[in-house]
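> Next input, structure requested:
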Amino acid sequence: MSASQKSSTTPIAIVGMSCMFPQAKDLSQYWDNIVHEVDCITDVPPSHWKIEDYYDPDPKAPDKTYSKRGGFIPDIDFDPTEFGLPPNILEITDASQLLSLVVAKDALKDAGYGDENRSFDRDRTGVILGVGGGQNLISPLASRLQEPIWRRALQNSGVADADVDNIVHQIKAAFVPWEEDSFPGLLGNVIAGRVASRLDLGGTLYVHVLQQNAST
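As a prediction, this is how the structure comes out:
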């Protein structure tokens, strides 16, 4: 029997689970929604974007979306000090990295390893994740780099230099700043390392980045 055949028949035990889904902060709520057939698709919450800014029922309308509904994870309480993170890096750390910490810790707890007194071989405990190709933090950081375009458009429209500076400053303030932790904070392939580092796990780290595919 080849090595690949042996690995395909190796039994795997699922000893702990955790998750976050639309209208479900944890595994218990998720299962409850399934049992009660809860429709977890809702209108876009104002915390994400204003419907009146981007919605248009016409699918051909440029720079608009004809859908205003989707699945949205509820607000999650996150204490950075619980994971040894300085609060000032939260703004420049993608939510996927932070929520992965919560889910991973809850999965260990569900497996019976939430108690610090119960030990396990952390050096052999790995983190293997599938991660979407685009993180939320990319958009505001990339938008902030468009300052030269805003400035030229205002200047070409005859706006006074003092007003240009003020307007550009206000636009930039709407986006998170670029700092030394911004780049690692937006990378999907850093998530496994972030989890391993904060939960003191020394096994294999692997991230499979899932890209969007299209066919014609």
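> Make sure Val209 is indeed in a strand.
Yes: under the criterion used here (DSSP: H, G, I helix; E, B strand; the rest coil), Val209 sits inside a strand.
> How many neighbouring residues does it have?
When neighbours are defined as other Cβ atoms under 10 Å, Val209 has 14 of them. Where C-beta positions appear, they are placed from N, C-alpha and C, glycine not excepted.
> my guess is it meets Val131, correct?
Yes: when contacts are counted by Cβ atoms under 8 Å, Val209 is listed as touching Val131 (5.4 Å).
> For those two, list the residues in contact with both.
Gly188, Asn189 (Cβ atoms under 8 Å, 6 or more residues apart in numbering).
> Ile130 is in what secondary structure piece?
I think there's a mix-up here, since residue 130 is Gly and not Ile. For Gly130, the enclosing helix or strand under DSSP states H and E is strand 127-132.
> any idea of the mean pLDDT in that strand?
When the per-residue pLDDT values of strand 127-132 are averaged, the result is 87.
> Neighbouring strands - and their directions - for it?
Each strand that strand 127-132 pairs with, and the sense of that pairing, follows from DSSP bridges: strand 205-210 (parallel).
> C-alpha coordinates for stretch 48-65, CSV please?
Backbone C-alpha positions of stretch 48-65 (Å, rounded to 0.1, in the frame of the first residue of the first chain) are rendered in CSV as follows:
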residue,chain,number,x,y,z
HIS,A,48,-21.6,47.5,6.6
TRP,A,49,-22.9,50.0,4.1
LYS,A,50,-25.9,52.2,3.5
ILE,A,51,-28.4,50.6,1.1
GLU,A,52,-29.3,54.0,-0.4
ASP,A,53,-25.6,54.5,-1.4
TYR,A,54,-25.1,51.4,-3.4
TYR,A,55,-28.4,49.6,-4.1
ASP,A,56,-30.2,49.9,-7.4
PRO,A,57,-32.8,47.4,-8.6
ASP,A,58,-31.4,47.8,-12.2
PRO,A,59,-28.7,45.1,-12.7
LYS,A,60,-27.2,47.3,-15.4
ALA,A,61,-26.7,50.3,-13.2
PRO,A,62,-23.0,51.2,-13.0
ASP,A,63,-21.2,51.0,-9.7
LYS,A,64,-24.3,49.7,-8.0
THR,A,65,-25.5,46.3,-6.7
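> does the most centrally placed residue in the chain sit in a helix, a strand or a coil?
The residue at the geometric middle of the chain, judged as the C-alpha nearest the mean C-alpha position with Cα atoms, centre = their mean, is Ser96 (2.3 Å). Taken by three-state DSSP, the conformation at Ser96 corresponds to helix.
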